[in-house]
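S.K.: Provided below are the primary sequence and the corresponding predicted coordinates.
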Amino acid sequence: MTDSRRWVWLAGLLFLGWLFYQLRPVLSPFLVGMLLAYLGDPLVDRLERLGLSRTIGVALVFGLFGVILLDLLLVMLPLLGRQLVRLYELVPQMLDWLQHIALPWGQEMLGLPGDFWRFDKLKTVVSGYLGPTTDIATTLLSGVTTSGLALLGWLANLLLIPVVGFYLLRDWDLMVHKLRGLLPRNREEQVVGLVAECHEVLGAFVRGQLLVMLALGLIYAGGLMLVGLDLGLLIGLLAGLASIVPYLGFVVGFGAALVAALFQFQGFELYPLLGVAAVFTVGQMLESMLLTPLLVGDRIGMHPVAVIFAILAGGQLFGFTGVLLALPVAAIIMVLLRHAHDFYKLSDLYGQSSSGPDDPPSTA
């Protein structure tokens, strides 16, 4: 490739990056629709092999997605709604418990001065913001009226997701075929190999990691509800969602469940605390020994620090859209870097060490 062509490619990539950054507020429904199409394509391909047309197969898969989503909404939404209302009611009481029980105990244990904790102001601010629990509907109504345009935009994006997903899934194989036809003929095999490897990593993450998150959310929520924790469902599902980052779900869920148990049972009762510890210990053991090896395997190979950095960087650069794209893009970059590392080792720039490239470092 000549220097002029390199500059043209670089300018094109910079323009695409700038365009993506400018369009990030409207990309979310298209990205979610693309995710649905990516998840549903193997199912539609199987239906096609059974003799159904592509359009009928897409309709059946979307109907399956809709039934699953509707069942989750009918079962989970009322339970989550009740727990959110309960959390709304408990916040002032939790602040009271912290102020009169937990913090004085910590103050006495640590030998802190009497006015070290200034909790009255925080309680006043939080209680004043929440207001009486009977005003939830009024608060929501006022929020809707003051941000009506934002709500309409959010609803429009939500309605766009199934439309975009349906058409992308219907034409998925056709788009892949046309994109492959645009590849340079002398580089087609190499590019297709890279895309196949990226597809393997993405499939392991998208399908495997989402199933792991769902399973952990159900394990944590069911276990905490069996322990008798009032907010067990809410904390368990949040811990499952946070499990997208390795060990974050365990840390966040275990910490929140301990605080909720200490407040609900008014002290250090042994049974609920041991129950919370047992739930998260069992969940973590199942994740490391069964769920992750079975559903994800070792095909992603991303370090936990890299996962955290990717999510934070994506959110900082592109907001919610960046969070959606962070780990898939990081997985693709990881595959490309792996090949770049192999090319570097074979290049003249790397050279040859006098002791041999594979000699281990001295431990003396």
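M.R.: Yes, it's here. Numbers count the residues shown, from 1 in each chain.
S.K.: helix or strand next in line after whatever helix or strand A156 lives in, which one?
M.R.: Assigned by DSSP states H and E, A156 belongs to helix 148-170. Moving toward the C-terminus from helix 148-170, the next helix or strand (DSSP H and E) is helix 172-181.
S.K.: quick one: mean pLDDT over stretch 28-38.
M.R.: Averaged across stretch 28-38, the pLDDT comes to 83.
S.K.: any idea how far that stretch is from the chain center?
M.R.: 14 Å (CA atoms, centre = their mean, to the nearest Å).
S.K.: ok, stretch 189-196 next?
M.R.: Using CA atoms, centre = their mean, the offset of stretch 189-196 from its chain centre is 27 Å.
S.K.: going by neighbour count, list what's buried in that stretch.
M.R.: If you call a residue buried by 16 or more other CB atoms under 10 Å, then stretch 189-196 has these buried ones: V195. C-beta here means a position set from N, CA and C on the backbone, and glycine is covered the same way.
S.K.: before we move on, what about stretch 18-29?
M.R.: Buried residues in stretch 18-29, counting neighbours by 16+ other CB under 10 Å, are found at 24, 27-29.
S.K.: what is the end-to-end distance of it?
M.R.: 19 Å (CA to CA, to the nearest Å).
S.K.: spit out the contact partners of the residue most central in space within the chain.
M.R.: With distances taken as CA atoms, centre = their mean, I244 lies nearest the centre of the chain, 4.7 Å away. Applying CB atoms under 8 Å, 6 or more residues apart in numbering, we find I244 in contact with 209, 213, 307, 311, 327.
S.K.: try it again at 10 Å.
M.R.: 205, 209-210, 212-213, 307, 311, 323, 326-327 (CB atoms under 10 Å, 6 or more residues apart in numbering).
S.K.: would CSV of the residues you listed with pLDDT and neighbour count be doable?
M.R.: Shown next, in CSV, are the contacts of I244 (pLDDT from 0 to 100; neighbours: other CB atoms under 10 Å):
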residue, pLDDT, neighbour count
F205, 73, 20
Q209, 78, 19
L210, 81, 15
V212, 86, 23
M213, 88, 20
V307, 75, 20
I311, 78, 18
V323, 73, 18
A326, 78, 22
L327, 75, 22
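S.K.: quick check: which ranges of the stretch 251-364 of the chain have low pLDDT?
M.R.: 266-268, 296-304, 320-321, 324, 351-364 (pLDDT under 70).
S.K.: can you give me the helices in it?
M.R.: 270-286, 304-346 (DSSP state H, counting those that start in this stretch).
S.K.: how close does V259 get to E269?
M.R.: Relative to E269, V259 is positioned 14 Å away (CB to CB, to the nearest Å).
S.K.: those two: which has the busier surroundings?
M.R.: Ranked by neighbour count (other CB atoms under 10 Å), V259 and E269 place V259 first, with 16 against 13.
S.K.: and the closest residue to H339 other than its chain neighbours, how far from I161?
M.R.: Distances taken as CB to CB, 6 or more residues apart in numbering place L194 nearest to H339, at 6.8 Å, with adjacent residues excluded. From L194 over to I161 the distance is 29 Å, taken as CB to CB.
S.K.: do D173 as well
M.R.: Distance from D173 to I161, by CB to CB: 21 Å.
S.K.: need the helices of the stretch 251-364 of the chain in CSV with distance to V85, can you?
M.R.: Shown next, in CSV, are the helices of the stretch 251-364 of the chain (distance: least, CB to CB, whole Å):
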stretch, distance to V85
helix 270-286, 22
helix 304-346, 26
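S.K.: so which of those comes closest to H177?
M.R.: helix 304-346 (20.6 Å; CB to CB).
S.K.: the closest one packs against which elements?
M.R.: Using 3 or more CB pairs under 10 Å, 6 or more residues apart in numbering; DSSP states H and E as the contact test, the elements touching helix 304-346 are helix 3-22, helix 24-49, helix 188-203, helix 248-264.
S.K.: surely the residue nearest to H339 and L337 touch.
M.R.: No: if you go by CB atoms under 10 Å, L194 and L337 don't touch, sitting 11.8 Å apart.
S.K.: let me see the domain layout of the chain.
M.R.: 24-182, 209-292 (automatic domain parsing).
S.K.: quick one: residues contacting the closest residue in space to W172 that isn't next to it in sequence.
M.R.: Nearest residue to W172, sequence neighbours excluded (CB to CB, 6+ apart): D41, at 5.0 Å. By CB under 10 Å, 6+ apart, the contact list for D41 reads 57-58, 61, 168-169, 172-173, 176.
S.K.: and D41, how far from L95?
M.R.: On the measure of CB to CB, D41 and L95 end up 50 Å apart.
S.K.: buried subset of the contacts of D41?
M.R.: By 16+ other CB under 10 Å, the contacts of D41 give 57-58, 61, 168-169, 172 as buried.
S.K.: my read: L286 touches L295, true?
M.R.: No: L286 is beyond contact range of L295, at 11.2 Å (criterion: CB under 10 Å).
S.K.: what sits in contact with each of these two?
M.R.: Joint contacts of L286 and L295 (CB under 10 Å, 6+ apart) are 212, 215.
S.K.: could you export the buried residues of stretch 18-29 as a markdown table, including distance to L231?
M.R.: Output for these, formatted as a markdown table (distance: CB to CB, whole Å):
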| residue | distance to L231 |
| --- | --- |
| R24 | 34 |
| L27 | 34 |
| S28 | 29 |
| P29 | 31 |
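S.K.: mind picking the two most distant members of these?
M.R.: Maximum pairwise distance in those, criterion CB to CB, is 12.2 Å, between R24 and P29.
S.K.: ok, D171 touching A37?
M.R.: Yes: between D171 and A37 there is a contact at 9.0 Å, judged by CB under 10 Å.
S.K.: about what we covered before: need the buried ones among the contacts of D41 in TSV with distance to G217, can you?
M.R.: What follows is these, written out as TSV (distance: CB to CB, whole Å):
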residue	distance to G217
G57	29
V58	28
V61	23
L168	27
L169	26
W172	29
